[in-house]
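Compute the structure for the input listed below.
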Amino acid sequence: MRDFRQIPALIDALFQAGIESMRQVASNVRKRMMVEGKPVTHPVQWDSERQRRAFFATGGFGKGIPYRRQNRYRFGWQDQMEPFGASLHNESPAGAIGGLASGWQSRIHRGRWPYLLDVLFDELSKVPAEVSKRLKYTVLSGKQ
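Below you'll find the model as predicted:
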């Protein structure tokens, strides 16, 4: 039987395990979202006829036709450690590639690039086991 005076230390260990696990989630999501997408398939699955016309009228949205990847999206993913976890963001304006937090992903990129919500929820599903593992290590090793 444990002494009730150990409760604050156990709560602190649980809190720290949660923070470390969320930081690991951010890192894992960043790594998975940086995976190179497959080449575009033809015919291109435009979101709309208006999008298709705009692409060709602007010379590939100003980036040339055929478009050559510059990898700004892939290498734009950054995770930042915060006091109570981590934040994750991408500096690239091309959110349509991997999808937005709202759930939308351009049809052009579906099935070719990792989808943010799938990756995020997959990594978040691992949190309970990760917290438990970290907590067991802390409690068994006597570390605070």
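
so where's this protein shaky on pLDDT?
1-2, 138-144 (pLDDT under 70).

Go again with 50.
Within the chain, no range satisfies pLDDT under 50.

Tell me where it has helices.
Ranges of helices in the chain, per DSSP state H, are 7-33, 49-57, 116-124, 127-141.

which residues are contacting the last one?
So the one you mean is helix 127-141. Helix 127-141 has contacts (Cβ atoms under 8 Å, 6 or more residues apart in numbering) with 10, 13-14, 16-18, 20-22, 24-25, 143-144. Yep, even glycine has a C-beta here, placed from its N, CA and C like the rest.

returning to that earlier point: same list (the helices of the chain) but as TSV, adding mean neighbour count.
Conversion of the helices of the chain to TSV gives the following (neighbours: other Cβ atoms under 10 Å):
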stretch	mean neighbour count
helix 7-33	17
helix 49-57	12
helix 116-124	16
helix 127-141	14
